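>>> below is the sequence, then the predicted model.
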Amino acid sequence: MSFDVPDDLRYLESHEWTQTGDSSVRVGISDFAQDELGDVVFVELPDEGDTIEKDAEFGVVESIKAVSDLYAPVSGEVVAVNEALFDEPELVNDDPYGDGWMLEVDPSDPDEFDDLLSADEYRDQIE
């Protein structure tokens, strides 16, 4: 099976992705992760203004099959939360790189991006 792995994103081994923007980065879970989880029924995320730490848990995604912790690809302050997921958690399944995004973070250490997997490295991991 082939999964969508956009080349312009960076990835954690735990299947979170990040997309760098002007000043903030957007975070979500990969197409592979949402497929493994099955139908997402609940998402728990931090509040705007909270601080997250790279590789630490920042939330939970719950599906019919499993409950999985979410891990931060970078450290920083949460500047936006996708509140649509609270009413429509299935957006994570329908559009994991678009409407199913989870957080926007103001990163505190841009060097942390160097530790993330490229799209090719992530593809190798999930094959």
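Arrived safely, thanks for sending.
>>> using CSV, write out the CA atom coordinates for stretch 37-48.
What follows is stretch 37-48, C-alpha atoms only, in CSV (Å, rounded to 0.1, in the frame of the first residue of the first chain):
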residue,chain,number,x,y,z
LEU,A,37,-5.3,4.1,13.8
GLY,A,38,-8.5,3.7,11.8
ASP,A,39,-11.5,5.9,12.4
VAL,A,40,-10.5,8.8,14.7
VAL,A,41,-13.2,9.6,17.2
PHE,A,42,-11.5,11.9,19.7
VAL,A,43,-8.5,14.3,19.8
GLU,A,44,-7.0,15.9,22.9
LEU,A,45,-4.7,18.9,22.3
PRO,A,46,-3.0,21.5,24.4
ASP,A,47,-4.3,25.0,24.8
GLU,A,48,-3.2,28.0,22.9
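>>> low-confidence stretches in this structure?
1, 21 (pLDDT under 70).
>>> strands along that one, start to end?
Secondary structure of the chain (DSSP state E): strands at 10-11, 16-20, 25-29, 40-44, 51-52, 57-63, 67-71, 76-81, 103-107.
>>> for residue 113, find the nearest of the ones you listed.
Evaluated over the strands of the chain, closeness to residue 113 peaks at strand 10-11, with 6.0 Å, by C-beta to C-beta. All C-beta spots, glycine's among them, are computed from the backbone N, C-alpha and C.
>>> so what's the gap between that closest one and the chain middle?
9 Å (C-alpha atoms, centre = their mean, to the nearest Å).
>>> and for stretch 80-100?
11 Å.
>>> in that stretch, what counts as buried?
Applying a neighbour-count criterion of 16 or more other C-beta atoms under 10 Å, one finds 81-82, 85, 89, 91-93, 96-97, 100 buried in stretch 80-100.
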